[in-house]
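**Student:** the following comprises the amino acid sequence and a computationally predicted model.
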Amino acid sequence: MVPLKMPVKGKPGVQLETLICIEQIGTTPPRIEHEPQYSSSSELDRWVRYGRATDRSQNTLRMSSDRAQVDATDNICRQRIKISPVKTRDQCVAAAENEPSKFALIADTANRQSATVRDDKTAGKPAPANTIDIEQLSNNFVRIIEQGGKAVAAYLKPREEAWFNSEATDEVMGVVKTFGHVAEYWFAHPRRALEIQADLGKAYFDLWASATRRMFGEQAEPVAKSDPKDRRFADPEWSSNPFFDFLKQTYLLNSQWANRLVKDITGVDAHTRQKAEFYVRQFSDAFSPANFVLTNPELLRETVFSNAGNLVRGTRTLAEDIEAGRGRLKIRQSDAAMFEVGRNLAITPGKVIYQNELMQLIQYVPTSWTVLKRPILIVPPWINKYYILDLSPEKSFVKWCVDQGLTVFVISWVNPDAKLAGKGFADYVREGPLQALEVIGRVTDGERVHTFGYCAGGTLLAVTLAYMAAKGDEQVLSATLCAAQVDFTHAGDIMAFIDEEQIQAIERQMSETGFFESHKMAMAFNLLRSNDLIWPYVINNYLKGQPPRPFDLLYWNSDATRIPAACHSYYLRNCYLENKLAKGEMVLAGETIDLGNVTIPVYSLATREDHIAPAKSVFLGSKFFGGLVKFAVAGSGHIAGVVNPPYQVKYSHWTNGPVVSNVETWLAKAEERPGSWWPHWLQWIREQDPTEVSARNPGGGKFEPLEDAPGSYVKVRD
C-alpha cells in the first residue's frame with residue numbers, strides 16, 4: 001500500500017491529519033471491517049478533502065480498476081500539492097504491475113505552522129527554523145517600542161530635573177578642532193586631496209570587480225582582509241556570504257583610508273596627530289557593520305529565528321543600564337549578581353588594624369608557623385579598588401603571598417566624596433604609604449619593609465620613596481613597581497585625553513562636584529580598547545539580548561572610585577602633562593622629588609600588551625632610579641599579565657635581558673620562561689633577606705583590630 005499523508009480540516013484550533021493507504025493495483029487485500037465505500041468521485045472528493053475530524057486511524061480505500069475513481073484521486077492530489085505528476089497514471093500503473101515492490105508517491109505532507117500567542121516570558125523563544133511567527137513578531141515590536149520608551153525616559157529624567165551636567169560640548173569641540181587640523185592639511189593642496197580620493201576610488205573599483213567575479217561563481221581574492229584575531233568577523237558568513245563579505249571589505253577599506261588621512265599628514269604636532277588617530281579609531285570601531293542588526297549575519301539570524309525576541313530583551317537591558325547610570329549608559333561587562341566583595345571576592349582572612357580619612361590598613365592572618373622577617377606593604381592604585389590583587393582565592397596575589405610565608409599589609413583606599421575635595425597628592429603620600437609604614441614599624445618592632453606598588457599605586461610609591469630619600473628615611477628595604485610609570489613620555493593612547501584645554505575642562509567640572517567622577521575614569525580606560533571593552537558588550541547585551549557572563553576581572557573593572565579634585569589635578573599636570581617626576585622637577589610638601597636618590601633594590605615589571613602603562617614607558621622609567629633595578633616583562637596586558645597565578649601556566653614572562661636602549665631589543669634577547677612571574681619575584685624578595693621569624697598575628701598586640709577584612713571602605717560604591 002502507498003501512504004498518502006495530508007492535512008485535513010477538523011475542529012477549530014486543532015490540527016489533525018488522516019493517513020490514507022492506497023492499495024497496490026492488481027492485488028487483493030484482506031477485507032477490513034467497516035471499510036468505507038464510495039459510490040462516486042464527488043463523495044471521494046469530500047472524504048479526501050475533509051476527512052473525519054475524529055478519525056486518526058489508517059483508512060484503506062479499495063481501488064478497483066474503476067478508471068473514474070483513479071482519475072478523481074489524481075485530480076484532487078494535483079490541487080493539493082499544486083504541481084503536475086512527473087509520470088502519467090498509465091506509467092505508474094505499468095510500473096506497479098511490472099515491479100510490485102515499488103509504489104507511486106501521490107502526495108507528501110503539507111507544511112504546517114502554528115501561530116500561537118505567546119506572553120512576554122516566551123518572547124525570545126526561537127521559532128522553528130526558517131519560519132517567522134508574524135503575530136509574535138508584531139507583539140515583540142510593540143514591546144521593543146515600550147522598552148525603548150523607558151530607555152528614553154531614563155535618559156531624559158535627570159536632564160529634566162536639571163541636576164545632570166553634560167560635558168558633551170567640550171568633548172565635541174575638541175574632536176571638531178582636531179579634525180579641523182587634519183582637513184586643513186589636505187585641503188591646503190587640492191592635488192594631494194585628489195590623489196588620496198583617487199586611491200579610495202580605485203580600491204572601490206577593485207572591490208566591485210572582485211564581488212562581480214564571485215557573483216558569477218569565480219574565485220576572487222579579497223581586496224581587504226580582516227585580522228584573523230578580529231573577533232568581530234569570526235562568523236563564517238562574513239566570508240561565505242557575498243553580501244556580508246562585500247560589507248566587511250567596504251568597511252575595512254574605509255577604515256584603512258581614514259587611518260591614512262591621519263598618518264600621512266605632516267606639519268602638525270605629535271599630540272594633535274595622536275588625538276586624531278584616537279578619534280578615527282573610535283569612529284571606525286563604532287561604525288563597524290558588526291554593530292548593527294541588519295549588517296551582522298549572526299545578529300540577523302538571531303533576530304529572525306527569535307522573532308525579534310532578542311531585541312525585546314536588549315531594549316529592556318538598555319533601559320535598566322541607563323537608569324542604573326543615572327542618565328548615562330552604564331554598560332554591564334559582567335553579571336554583577338554573581339559577585340560580592342567579602343563573599344566570594346577579597347575573602348583572604350585578615351583584619352583592619354588602622355584607618356584614617358583616606359585609607360584602611362589591612363594585615364592578613366598568617367597561614368604558616370614561620371614567615372619572612374621583612375613584611376611587605378602593597379600600595380594599590382587609588383583610582384581603583386585594591387581587591388584586583390585579592391580576587392577569588394585561586395587568583396588572589398595576596399593569598400598566594402601569605403601562603404608563601406610573607407607578612408602582608410594592604411592599603412584599601414576610600415571612595416572619596418565632596419568632603420575630601422581638598423585632599424591633594426601630598427596628602428595621599430602622607431596619609432597613605434607613609435602612615436602605613438609607621439603603623440607597620442610599630443606592629444613589627446621597627447623592621448624594614450618590602451614595598452609593592454601596582455599601576456598608579458606604583459607611581460605614588462615611587463614618589464614616596466624619593467620623598468623618604470630626601471628626608472633620609474631608610475625604613476624601606478626594597479620596592480616592586482608593577483605595571484607602573486614614572487616617565488610619561490610614552491604613556492600611550494591615554495595621552496589623547498591630556499592637554500591644557502582638556503585638563504582645564506576637567507578642573508572646571510571637578511570644581512562643581514569636588515571630585516573626578518568614577519564613570520569618567522572607567523570610560524576613558526574602556527575607550528583605550530573599545531573593541532574589547534565596549535562594543536562586544538553592546539552587541540551581546542543590547543542586540544543579542546543575552547546577559548553578560550560572570551567574570552571577576554571585569555566586575556572589578558566596573559567597580560571604579562572617585563578621585564578628590566586637588567589630587568587628580570596635581571597628578572594630571574605633574575605626571576602626564578608636564579612629566580615633572582621624570583625631569584626631577586616635581587615638588588611635594590616642599591621637597592624636590594628626585595628618583596635618582598632612590599638607591600634601594602627595585603623590581604620593575606612591565607606587561608607586554610599593556611594599553612595603560614606601555615612596556616616601552618615602564619622600561620624607560622626603570623632607568624631613572626639610582627640603585628640596582630631588576631627588569632622583567634609579563635605576557636598579556638595590564639590586568640591579566642599581573643593577575644597570573646602560577647598554577648595556570650597561562651602567560652610567559654621574560655627576564656635577564658641585556659642592558660639596551662629599548663624594550664624591543666631587550667625582549668628579543670631576554671630569557672623567556674613559561675608561566676607566572678610570581679615565583680621569580682618571590683625568589684628576588686628572598687634574596688634581599690631570607691631570615692625567618694615566628695608568624696605575626698594582625699595588630700601585633702599594638703593595634704586592636706577594627707573590623708574583618710576586606711573592611712568597609714572597599715564596599716562603598718557610587
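**Tutor:** Cool, the structure landed.
**Student:** residue 436 - nearest residue in space that isn't next to it in sequence?
**Tutor:** residue 361 (5.2 Å; C-beta to C-beta, 6 or more residues apart in numbering). Glycine gets a C-beta too; all of them are placed from N, C-alpha and C.
**Student:** revised request: answer the last question for residue 627.
**Tutor:** residue 599 (4.0 Å).
**Student:** what kind of secondary structure is the nearest residue to residue 498 once chain neighbours are set aside in?
**Tutor:** Leaving aside its sequence neighbours, residue 498 sits nearest to residue 576 (C-beta to C-beta, 6+ apart; 4.6 Å). For residue 576, the secondary structure call by DSSP: H, G, I helix; E, B strand; the rest coil comes out as helix.
**Student:** run a quick neighbour tally on residue 576.
**Tutor:** 18 (other C-beta atoms under 10 Å).
**Student:** could you do residue 132 as well?
**Tutor:** 13.
**Student:** pretty sure the residue nearest to residue 436 sits in a helix.
**Tutor:** No. Using three-state DSSP, the secondary structure at residue 361 is strand, not a helix.
**Student:** neighbours around it, how many?
**Tutor:** Neighbour tally, residue 361, other C-beta under 10 Å: 24.
**Student:** show me what contacts it?
**Tutor:** Listed by C-beta atoms under 8 Å, 6 or more residues apart in numbering, the contact partners of residue 361 are 352, 353, 354, 355, 409, 410, 411, 412, 435, 436, 439, 440.
**Student:** one more time with 7 Å
**Tutor:** By C-beta atoms under 7 Å, 6 or more residues apart in numbering, the contact set of residue 361 is 352, 353, 354, 355, 409, 411, 436, 439.
**Student:** can you check residue 200 too?
**Tutor:** Counting by C-beta under 7 Å, 6+ apart, the residues that residue 200 touches are residue 257.
**Student:** by mean pLDDT, point me to the weakest helix or strand of the chain.
**Tutor:** strand 16-22 (a mean of 37; mean pLDDT, DSSP states H and E).
**Student:** centre of the chain to whichever strand or helix holds residue 426, how far?
**Tutor:** In this assignment (DSSP states H and E), residue 426 forms part of helix 425-429. Distance of helix 425-429 from the chain centroid (C-alpha atoms, centre = their mean, to the nearest Å) equals 34 Å.
**Student:** next SSE downstream of it?
**Tutor:** Next along from helix 425-429, by DSSP H and E: helix 435-443.
**Student:** contacts for that next one next, please.
**Tutor:** 353-354, 356, 361, 363, 375, 377, 409, 411, 449, 475, 699-700, 702-703.
**Student:** repeat for stretch 607-622
**Tutor:** With C-beta under 7 Å, 6+ apart as the criterion, stretch 607-622 contacts 455, 483-494, 525, 528-529, 582, 604, 606, 629, 631, 633-638, 641-642, 663, 666.
**Student:** check stretch 177-189 too.
**Tutor:** Outside stretch 177-189, the residues touching it (C-beta under 7 Å, 6+ apart) are 192, 193, 261, 262, 265, 267, 268, 272, 275, 276, 279.
**Student:** picking up where we left off before, pLDDT value on the residue nearest to residue 436, please?
**Tutor:** On the pLDDT scale, residue 361 is placed at 98.
**Student:** one more: residue 42?
**Tutor:** 47.
**Student:** so the residue nearest to residue 498 touches residue 489, yeah?
**Tutor:** No. Taking contacts as C-beta atoms under 7 Å, residue 576 lies outside contact range of residue 489: 10.4 Å.
**Student:** pretty sure residue 399 sits against residue 348.
**Tutor:** Yes. Here residue 399 reaches residue 348: they are 4.5 Å apart, a contact under C-beta under 7 Å.
**Student:** who touches both of the two?
**Tutor:** With C-beta under 7 Å, 6+ apart, residue 399 and residue 348 have common neighbours residue 390.
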